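S.K.: task: produce atomic coordinates for the following.
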Amino acid sequence: MRKTRIHTTKKLEKLVKKLITTDNKTDCGILGKWNATVFYVDRKKCWLITNGLTKYNVILTDIKSSELSKIEQIFKDALFGQLNYDGIIIDFENLNSIIGGLDFLPTNNDRSTTGFQNQRLEQLDWWKYDFGSLENMPIKDLTNRMNTSPIHIGNGRKMSDYTDSIKEMKKLLTE
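M.R.: Prediction:
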């Protein structure tokens, strides 16, 4: 069975110790690896999960420790909803087969993705003040704003190396 690898930050790893496996031999699939970190809004735990290849973001809000047994379904539903919101139309069953199961792994010290996530959380901090509480925040819209921010993919410094996460994810899923 195909598994999707999600590397956690040290902070998140402490919160989800029972989910962490150390088996690095799983196949990543076409989406590659993901990185997850935790942040707080109104003292509620939220997760920012970022795809390593496309820098596509998904936010899971108000994750309680009692919901960790259902985290796989929560992630798939959030990803499916965000993809649809961003205009990437995909059948849920197709997405489910692409993702397969989830393997939560310890940190891989991917500084590039960690820095990228920190920038996105900084943006989110600015936007938080516009809405106040977590219940008033349009999470899909805020994540869409993150996903439409210009990113650099490639080695050169040409303008054609700049894109956004939505275009990259669309390319990855339609190939």
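S.K.: grab the nearest non-local neighbour of Leu53.
M.R.: Gly32 (4.2 Å; Cβ to Cβ, 6 or more residues apart in numbering). Where C-beta positions appear, they are placed from N, C-alpha and C, glycine not excepted.
S.K.: same thing with Thr143?
M.R.: Ile59 (5.1 Å).
S.K.: now Ser160
M.R.: Nearest one to Ser160, counting by Cβ to Cβ, 6+ apart, is Gly154 at 8.0 Å.
S.K.: pretty sure the one you found is in a strand, no?
M.R.: No. Using DSSP: H, G, I helix; E, B strand; the rest coil, the assignment for Gly154 is coil, not a strand.
S.K.: quick check on it: phi, psi?
M.R.: Per-residue torsions, Gly154: phi 120, psi 180 (degrees, to the nearest 10).
S.K.: quick one: it and Glu168 touch, right?
M.R.: No. Judged on Cβ atoms under 8 Å, Gly154 makes no contact with Glu168 at a distance of 10.9 Å.
S.K.: counting contacts, what elements does whichever helix or strand Lys167 is part of pack onto?
M.R.: Per DSSP states H and E: Lys167 is located in helix 165-174. In terms of contact count using 3 or more Cβ pairs under 8 Å, 6 or more residues apart in numbering; DSSP states H and E, helix 165-174 is assigned the packing partners helix 139-147.
S.K.: now do the same for the residue most central in space within the chain: helix, strand or coil?
M.R.: Closest to where the C-alpha atoms of the chain average out (Cα atoms, centre = their mean) is Ile49, at 2.3 Å. Three-state assignment for Ile49 (three-state DSSP): strand.
S.K.: same deal with Thr113?
M.R.: Thr113 is classified as helix under three-state DSSP.
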